[in-house]
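> got a predicted structure here, sequence first:
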Amino acid sequence: MKKLLIAIVMLASSPAFASGGNIHLDHADVDITDQASLQRGAKYFVNYCLNCHSMKYERWQRMLEFDIPEDLLKQNLMPSNAKPGDLMTTAMNPDDAANWFGAPPPDLTLEARLRGDDWIYTYLRSFYIDESRPFGVNNIIFDKVGMPHVLWELQGMQKAIFEEHKDDSGHESHVFKGFEMVKPGKMSTEEYDQMALDLTNFFSYMGDPSKLKRHSLGIKVLLFLLVFFIFAYLLKKEYWKDVH
C-alpha cells in the first residue's frame, strides 16, 4: 500500500501527467454560457471529429440546450437515420481503426474532464510537420500522436522550431521555441484559434453538462445558509439574553 501511494503521488505531480510534458499550455478562455460558441463547436465536432471519435455517453438531444432548434439539429448535424434520443456513436469499426491508426480513436465525451480545457485547446493548435510519422504530422504536447491533422485545411501546415539546449552536465536536448507557418489554411491564425476555442468550449460543456445548474444551485444554497444563519443567530441571542 505504501508503494502504491508513493506511485500515485509521483504520477500526479509529474509534468507529463499534468500537461503532456514540459510544454507550456495556452489558456483556453472557456465560457459554457456562450451559446453561439457552443453551436459552432457542435458543428465543427460533427463535421471533423465524429467520423472517427464517438461521444457515446451523450445523446444528440443534448445539443438542444445550445438553443439549436430541433429541426435544424436533425437537418444539419444528425445522421439521417438517427433520432434525438440516440447516443452519439461513430460508424467506424474499432478493428479497422486499430489497423489504420494503431489504436481505436478514444471516445471524447469526458475528454475535457480527463485532459483539461487548456490541454485540448493547445493540442488542437499544436500539430506540426514531421515526415517521420505515418501521417506526416506530430503534436508538441502529444509526441508520436497517431491522429492525422484533420483540421489542416483550416489551419494550414506549420513546422516546429526547436533549439539545441545543453545542460550543466553536457546533455543535449531539443527545446521547443514556436511554430512557423509553411502552408496557410483557409482560416487566419485568429480565426483558427477561435475555432479551437469553440471546439474546446463544446467538449467542456458535453463533459459536464450539469455544471451550470450545479453552480446556480450552489449559489442558492449559500444564500439560504446565509439567511438561515442570521435567523439562527437572532434566535440564539433571544434564548440566551437572560443568561449571564
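Looks like it arrived, so ask away.
> got the contact list for the residue most central in space within the chain?
Nearest to the geometric centre of the chain sits Ala112, at 3.5 Å (Cα atoms, centre = their mean). Counting by Cβ atoms under 8 Å, 6 or more residues apart in numbering, Ala112 touches Ile120, Thr200, Phe203, Ser204, Met206, Gly207, Asp208. C-betas here are computed from N, CA, C, even on glycine.
> give me that answer again for 10 Å
28, 30, 32, 119-121, 200-208 (Cβ atoms under 10 Å, 6 or more residues apart in numbering).
> quick one: buried residues of stretch 190-207?
Within stretch 190-207, the residues that count as buried by 16 or more other Cβ atoms under 10 Å are 192-193, 195-207.
> on that earlier part again, wait, is the residue nearest to the centre of the chain part of a helix?
Yes. Per DSSP: H, G, I helix; E, B strand; the rest coil, Ala112 lies within a helix segment.
> tell me how many other residues crowd the residue nearest to Leu151 when sequence neighbours are not counted.
Nearest in space to Leu151, with sequence neighbours left out and distances taken as Cβ to Cβ, 6 or more residues apart in numbering, is Tyr48 at 6.0 Å. Counted by other Cβ atoms under 10 Å, the residues lying close to Tyr48 total 16.
> measure Tyr48 to Asp26 for me?
20 Å (Cβ to Cβ, to the nearest Å).
> likewise Ala160?
15 Å.
> over to Pro148?
Taking Cβ to Cβ, one finds Pro148 at 22 Å from Asp26.
> repeat for Asn139
Counting by Cβ to Cβ, the gap from Asn139 to Asp26 is 14 Å.
> so where's the protein uncertain?
Within the chain, the ranges that satisfy pLDDT under 70 run 1-22, 244.
> and if we set it to 50?
Within the chain, the set of residues satisfying pLDDT under 50 comprises 1-21.
> which residue ranges form the helices in it?
Assigned by DSSP state H, the chain shows helices spanning 2-13, 15-19, 35-44, 70-72, 94-101, 111-115, 117-124, 152-155, 189-207, 211-239.
> how many residues are close by Lys183?
Neighbour count of Lys183, defined by other Cβ under 10 Å: 12.
> ok, it - contacts?
Here Lys183 is in contact with Ile129, Trp152, Glu153, Gln155, Gly156, Met157, Gln158, Lys159 (Cβ under 10 Å, 6+ apart).
> count the neighbours of the fourth one for me.
Gln155: 24 surrounding residues under other Cβ under 10 Å.
> same question for the first one.
The criterion is other Cβ under 10 Å. On that basis, Ile129 has 18 neighbouring residues.
> dump the residue contacts of it.
136-138, 149, 152, 157-160, 179-180, 182-183.
> of those residues, which is the nearest to Asn76?
Nearest to Asn76 among the contacts of Ile129 is Trp152, at 23.6 Å by Cβ to Cβ.
> look up how far Met187 lies from that closest one.
From Trp152 to Met187 the distance is 11 Å (Cβ to Cβ).
> how many residues are close by the nearest residue to Thr109 once chain neighbours are set aside?
Spatial nearest neighbour of Thr109, excluding adjacent residues (Cβ to Cβ, 6+ apart): Tyr57 at 4.0 Å. Tyr57 has 13 neighbours, counted by other Cβ under 10 Å.
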